[in-house]
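>>> below: sequence and its predicted model.
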Amino acid sequence: MATSAIMLVPLSIPCTYTQNQRSCHDRRVSRSRAAIVNEFSQKHKENSQWEYTNFPSISADFKRICLEGRVKEAMDIFSDRNRQGIPADYDTYAALLQACATAKALTEGKQIQSRILTSGLKQNRHLSTKLMNMYVNCGSLEDARQVFDKISKRNLFLWNAVIRGYANQGMHKEVLELYTQMQLAGMKPNKFTFPLVLKACASIADLQQGREIHECIRKSGVELDPFVSSAIIAMYVKCGCLLCARQLFDRMTQRDVVSWNAMIAGYAQNGNFDETLKLFDEMQMAGLKPSVITRNAIIAGYSYNGQFDKALEFFRQMQQAGGKPNLETWNAMITCYAQNGCCVDALKVFQQLQLAGLKPDSFTFASILPVIANLNVLQHGKQFHSYIIKTGFHSDVFVANALLDMYAKCGSITIAQQMFDKMSQRDVVTWNAIIAGYAQNGRYDETLKFFIRMQLEGVKPDSFTVASFLPACSHIAALQQGKEIHGFIVRNGFDSNVFVANALVDMYSKCGSLRDAHYVFDCIPKKTVVSWNAIIAGYGMHGYGEDALRLLFQLEQEAVKPNDVTFIAVLTACSHAGLVDEGWEQFDRMSQIHGIIPRVEHYTCIVDLLGRAGHLDEANIFIEKMPVEPDAGVWGTLLGACRIHRNIELGERVAGHIFELDTKDAGYYVLLSNIYAAASRWAEAAKVRTMMTDRGVKKMPGCSWIELKHKIHAFLMGDQCHPQSEKIYSALDVLIKQIKTAGYVPDTSFVLYHVEEQEKQHMLYSHSEKLAIAFGLINTCPGSPIQITKNLRVCGDCHTAAKFISNIARREIIVRDLYRFHHFKDGLCSCKDYW
């Protein structure tokens, strides 16, 4: 552009031209940009003494170009007039800023602002308003706010414009702050202000401020304005106050499609689907044609309420009736398929969406990424990630959270961590995703660290955070940390959340405090099947099979429908307690009474039930007659039983089946090696270990740990790395002598190496379980219980030694191994030596 004084045909011109000239103007409307620019130049040549009153048709053309957002044409005319020395006035600049606002042309808008500043024109509120509005429309809120803050006398239009800008970018807290400033400045909001601030309240679920704004609306007399009332209803619906929404809806004299949609969606999302369908029928009876948004709400409602088939049927009817699905429809169908476990179908819907010529939005990606996670197809997830980057949604916090969660659930926690570190904006969902990701990947130390770091960075955990964090406490049996989290939950009011309560029941059960688990369970006002499953599994894990069966009976009495997980917990409880007949009975009732088709996990439980009881041949026949193909887990369960009952012949056959299916799990090799070692068949045992080496299979070392003063102390076999090693081994020597005097005889069959008997005994004495128990005895008060956790099945010799130690030391010793709890007290174990 030329740098000389800015000149352009002014827009405010008295009308002095003839009817013929108007007709000529009308014919020029559709002409090209070049033709319009040329005419402007020709007019100037015809009258070098430019008079504003001579060219009203030119002003109309220019104004139309600007209103239509044809920035390039407007700027060409502007430049041409500038070169010819024609001055520009306020209206000219205002029209140009309007063009930039309409076209969202930020670069050109900033150029116009620079021209205004150098033109010598005095500050004009009308021009400032246009400038601010341009920045708002272009999404440049920082520039808009600078202009806004410099305007001394702000009118209502200015306040609404800047509030709208923040609302459009989802900056809801800023919207409400501006609303407060607006009132403090003595400016009364109007019907254009209220929908913006109500939407902000709805987005952050601020019901209290929403109510206050509603009261202000009542006083201003615009409550029943269709746009305002629809916004109020939507706010109450999203804040969970359906009663308030319905009361206003019933008072409305004019209900538009928007208000009907808000109520229909509200009932659907809050589980009252009967009322949803009733309103849908009433809407049509009122003569209003349901929009695609209405139908989307019905599809989503069917999906939320588990009526998958009806959602599909409604979708097909919508298409048959000529309804064209929009992006939200396809998003709803993706969610519908995903919630019902039809992940492959959800991916097909995504493909249909693209074939329909629609572009995915942030909601689409946030819905499809969990599908990828559930399918555990990391390669597909990476392809979606690339596509998301190309479409520009990678910076959207909701999409970024879904990506992080997908990587974590697909086992790529390192990539998830890298994404977390690069995110400039993190919300509580981001933290929840990384915390849950580490917990799901067995990285429990990092889970604890991130939970602490989250609070140090000022992010307040929510119910999902603690529900994700508690499994970490459960796994490492960190009872004290779990109790502290329980206190945090109560202080923050999360204890009424059933998901959190269920996680607490599970945590206390796995941390050895069944009493606390049952207390939390009893305090749950509306117990779900997950609540019952957690407490039944807890009793089963502790060996109380009969109590688990009584809980199942109570569940049925309270009309709660058990699911497949319930019966896995029940059958496991029967197995640990040796209740063979009862286990068979529940296996039969599962399908005959409750209509639950057994999965491979249920068959595994029956094999375990029979195997532990010594019915190895019956278990083998049961496997051969299974209606589903047995996996390595089924055969591995039988192999474990062969180890317990020292059946070498069957163990060898079972191992053959396993190695055909799974050659990488070290546990199966160890079991077979142990079977050989227990029978002193050292050559075969060594051969199995060589096979492991050749196949690159590594055994996980046995590890036992104990929590003391919020710190986890871990021990390996023969461990001498602990700072108190000398004291531990000294105390252990004393204990071994004492329990030997009491009748303990080392069982060297649990030593898997062909060495001298004395060496075998020495190896037994330094097992990780015994080291952890000795550490607990010298670091805790006399009479207090000791609880340790082991990552593998507890050693048989350590089991015997723990019984003797509990009697001599007068301590209760609680040991949680990979499968169950053992409570040692007064020389006895809660498992009654059936494990």
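It's in. Numbering: from 1, shown residues only.
>>> identify the residues contacting the closest residue to Val520 other than its chain neighbours.
The shortest distance from Val520 to any non-neighbouring residue, by C-beta to C-beta, 6 or more residues apart in numbering, is to Leu504 (4.7 Å). C-betas here are computed from N, CA, C, even on glycine. If you count contacts by C-beta atoms under 8 Å, 6 or more residues apart in numbering, Leu504 has them with Leu470, His486, Ile489, Asp495, Ala517, Val520.
>>> what would those look like in TSV with distance to Lys790?
Shown next, in TSV, are the contacts of Leu504 (distance: C-beta to C-beta, whole Å):
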residue	distance to Lys790
Leu470	21
His486	25
Ile489	28
Asp495	31
Ala517	20
Val520	25
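>>> neighbour-wise, which of those residues leads?
Leu470 (27 neighbours; other C-beta atoms under 10 Å).
>>> isn't that one up against Phe488?
No. The pair Leu470 / Phe488 is not scored as a contact, 10.8 Å apart, by C-beta atoms under 8 Å.
>>> now, among the contacts of Leu504, which is nearest to Lys709?
Using C-beta to C-beta, His486 comes nearest to Lys709 of those, at 18.1 Å.
>>> so for the lengthiest helix in the chain, mean pLDDT?
Determined from DSSP state H, the single longest helix within the chain is helix 725-741. The predicted model assigns helix 725-741 a mean pLDDT of 94.
>>> contacts for it, please.
For helix 725-741, the external contacting residues (C-beta under 8 Å, 6+ apart) are 719-720, 722, 744, 765-766, 770-771, 774-775, 777-778, 801, 804-805, 808-809.
>>> go again with 10 Å.
With contact meaning C-beta atoms under 10 Å, 6 or more residues apart in numbering, helix 725-741 is reached by 713, 715, 719-720, 722, 724, 744-746, 761, 764-766, 770-779, 800-805, 807-809.
>>> tally of neighbours for Thr118?
11.
>>> what helices or strands is the one helix or strand it maps to leaning on?
Using DSSP states H and E, Thr118 sits within helix 106-119. Judged by 3 or more C-beta pairs under 10 Å, 6 or more residues apart in numbering; DSSP states H and E, the packing partners of helix 106-119 are helix 71-83, helix 90-103, helix 125-137, helix 141-150.
>>> same list, those, but as a markdown table with mean neighbour count, mean pLDDT and distance to Tyr544 please.
Below are the helices and strands packed on helix 106-119 laid out as a markdown table (neighbours: other C-beta atoms under 10 Å; pLDDT from 0 to 100; distance: least, C-beta to C-beta, whole Å):
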| stretch | mean neighbour count | mean pLDDT | distance to Tyr544 |
| --- | --- | --- | --- |
| helix 71-83 | 20 | 87 | 77 |
| helix 90-103 | 23 | 89 | 71 |
| helix 125-137 | 22 | 86 | 66 |
| helix 141-150 | 16 | 89 | 61 |
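>>> would you list those helices in TSV and tack on distance to Met252?
Conversion of the helices and strands packed on helix 106-119 to TSV gives the following (distance: least, C-beta to C-beta, whole Å):
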stretch	distance to Met252
helix 71-83	42
helix 90-103	34
helix 125-137	31
helix 141-150	34
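>>> quick one: closest of the ones you listed to Tyr603.
Here helix 141-150 is closest among the helices and strands packed on helix 106-119 (C-beta to C-beta), at 60.6 Å.
>>> I'd like the next helix or strand past the closest one.
From helix 141-150 onward toward the C-terminus, using DSSP H and E, the following helix or strand is helix 156-168.
>>> so where is the stretch 151-300 of the chain shaky, pLDDT-wise?
Filtered on pLDDT under 70, the stretch 151-300 of the chain yields no residues whatsoever.
>>> hang on, the earlier thing: quick one: closest of the helices and strands packed on helix 106-119 to Ala231.
Ranking the helices and strands packed on helix 106-119 by their distance to Ala231 (criterion: C-beta to C-beta) puts helix 125-137 first, at 19.7 Å.
>>> relative to helix 156-168, how tilted is that closest one?
Between helix 125-137 and helix 156-168, the angle comes out at 10 degrees (axes from the mean of the first three to the mean of the last three C-alpha atoms, to 10 degrees).
>>> how far does helix 125-137 sit from the chain's center?
Helix 125-137 sits 40 Å away from the centroid of its parent chain (C-alpha atoms, centre = their mean, to the nearest Å).
>>> kindly report the same for stretch 314-329.
Distance, centroid of stretch 314-329 to centroid of chain: 29 Å (C-alpha atoms, centre = their mean).
>>> in that stretch, what counts as buried?
Phe314, Phe315, Met318, Pro325, Asn326, Leu327, Glu328, Thr329 (16 or more other C-beta atoms under 10 Å).
>>> alright, I will stop here.
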